[in-house]
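Undergrad: Model the following, please.
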Amino acid sequence: IAKTEEVVRKDFEIQEKDRMHKDLQNILEKQPGPEVLEQLEMYQETHGEKLQQMQAMQSELQTYQAQVGDYKDEIDRLTRELQEVKKKYFEQKRREQIAQEAQRGDTRAIHPKHVPATRFTGGGFNLAH
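TA: Residues are numbered from 1 along each chain as shown. Prediction:
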């Protein structure tokens, strides 16, 4: 009887240990394996590379934005210069036109046009025709 009790007790201990073993296996299955750690390392490396790439692109963007600002300033300066040149051109054209008109005015003075005088008689009818 003592041996039977001992066998039953040992059998119970074996069942208990078997149950604990299965529980531990289930817990271990839920734990990440070495392939997950390798994948995590790979993701971290990729993240670092992308971060460096993004910083480089951001500095490049700032450089391009500065260039755009410089180009806009250059466009404004050239536009002002163009307006000044146009203004000077039109002023010179106007002066030349005035000089030409003055020259023509002199020739008109030499050869004056005959402007008929309008005459009215009696009832106010024009007799110039």
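
Undergrad: Return the backbone torsion pair for Pro32.
TA: Main-chain torsions, Pro32, degrees, to the nearest 10: phi -70, psi 140.

Undergrad: For it, give its distance to Gln39.
TA: From Pro32 over to Gln39 the distance is 9 Å, taken as C-beta to C-beta, to the nearest Å. Quick note: C-beta positions are derived from backbone N, CA and C, even for glycine.

Undergrad: what about the two, which has more around it?
TA: Remark: of Pro32 and Gln39, Gln39 carries more neighbours, 12 against 9, as counted by other C-beta atoms under 10 Å.

Undergrad: Where does that one sit: helix, strand or coil?
TA: Reducing the assignment at Gln39 to three states with DSSP: H, G, I helix; E, B strand; the rest coil gives helix.

Undergrad: Just list the residues touching it, thanks.
TA: Listed by C-beta atoms under 8 Å, 6 or more residues apart in numbering, the contact set of Gln39 is empty.

Undergrad: Thanks again, I'm all set now.
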